[in-house]
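Novice: Return a 3D structure for these sequence lines:
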Amino acid sequence: MTDLGTTSGLEELPAILPVFPLTGALLLTTGHLPLNVFEPRYLDMVRDCMTSHRVIGIVQPRDPEHPSATPPLYTIGCAGKICELHEQPNETFHITLEGLCRFRIQKEVECTTRYRQVVADYAPFHHDLTPPQDGSVDREALQGVLRHFLELESEEADWEALNNLADDNLVNSLSMICPFAPAEKQALLEAEDVPARSELLICLLRMMMQQGQPHRTLQ
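Specialist: Below you'll find the model as predicted:
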């Protein structure tokens, strides 16, 4: 395992961004997303990124069942930097992305690579790089609904660890690991800021419990 360190600011983000379309995947600022990379085009992408900026955009396809190899994408994703890389014996990669900043796709570029690349606009989300002031999130309401959700799912949480997280780390981590549908994850991604994402997270957990959805464990 290679630990490649963390990142700093907006100046590190490439204007032309390679993207990894993944249904149901959510990456947010300060979050860490582990990925097993085995498709040849994405192996190419990781190798190329490791020789340059190490930044990959995670974005969801709009239609997971789309027959094309290049399905239409949501316009908003999140850029992540490869902070860990492990080359496995079968010549695939296990990587971990550290969430940096969301982006809006301005357009997809024509390129010779097997993986897709886009022109990324980070400016609308520059506030992602500034942690919200603690106290901007209703932690009592969030942890209350989370506690009830976990009881229904027969899951346990490390409450001491959760209590020690800053507001943005808490909200973004829970948004990433809770078992929401792809459209719900996209809504969490597109929430204006951390307080708004926290309110949506609470609503989604309450809806899941009220609708009596089947048992789905945390990821």
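Novice: hey, let's count contacts and neighbours off CA atoms from now on
Specialist: Noted.
Novice: how much space is there between residue 78 and residue 57?
Specialist: 6 Å (CA to CA, to the nearest Å).
Novice: again with residue 147
Specialist: Residue 147 is 32 Å from residue 57, by CA to CA.
Novice: so residue 85 bridges to which residues?
Specialist: Per DSSP bridges, the residues bridged to residue 85 are residue 2, residue 95.
Novice: Quick check: it touching residue 96?
Specialist: Yes. Between residue 85 and residue 96 there is a contact under CA atoms under 8 Å: 6.6 Å.
Novice: Identify the residues contacting the residue nearest the centre of the chain.
Specialist: With distances taken as CA atoms, centre = their mean, the residue of the chain nearest its centroid is residue 27 (0.7 Å). With contact set as CA atoms under 8 Å, 6 or more residues apart in numbering, residue 27 has these partners: 33, 58, 78-80, 99, 176, 189.
Novice: Including neighbour count, pLDDT and distance to residue 70, could those residues go into a markdown table?
Specialist: A markdown table is the format used below for the contacts of residue 27 (neighbours: other CA atoms under 10 Å; pLDDT from 0 to 100; distance: CA to CA, whole Å):
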| residue | neighbour count | pLDDT | distance to residue 70 |
| --- | --- | --- | --- |
| 33 | 21 | 97 | 23 |
| 58 | 26 | 98 | 15 |
| 78 | 26 | 98 | 19 |
| 79 | 28 | 97 | 19 |
| 80 | 27 | 96 | 21 |
| 99 | 28 | 96 | 24 |
| 176 | 22 | 94 | 25 |
| 189 | 24 | 98 | 22 |
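Novice: Residue 15: which of those is nearest?
Specialist: Checking these against residue 15 by CA to CA gives residue 79 as the nearest, at 11.1 Å.
Novice: Quick one, grab the pLDDT at the closest residue in space to that closest one that isn't next to it in sequence.
Specialist: Excluding the flanking residues, the one nearest residue 79 by CA to CA, 6 or more residues apart in numbering is residue 57, at 4.2 Å. The confidence metric pLDDT takes the value 98 at residue 57.
Novice: and residue 57, bridged to which residues?
Specialist: Assigned bridge partners for residue 57, using DSSP bridges, are residue 19, residue 79.
Novice: show me what contacts it?
Specialist: 17-20, 77-80.
Novice: Report the separation between it and residue 87.
Specialist: In terms of CA to CA, residue 57 sits 20 Å off from residue 87.
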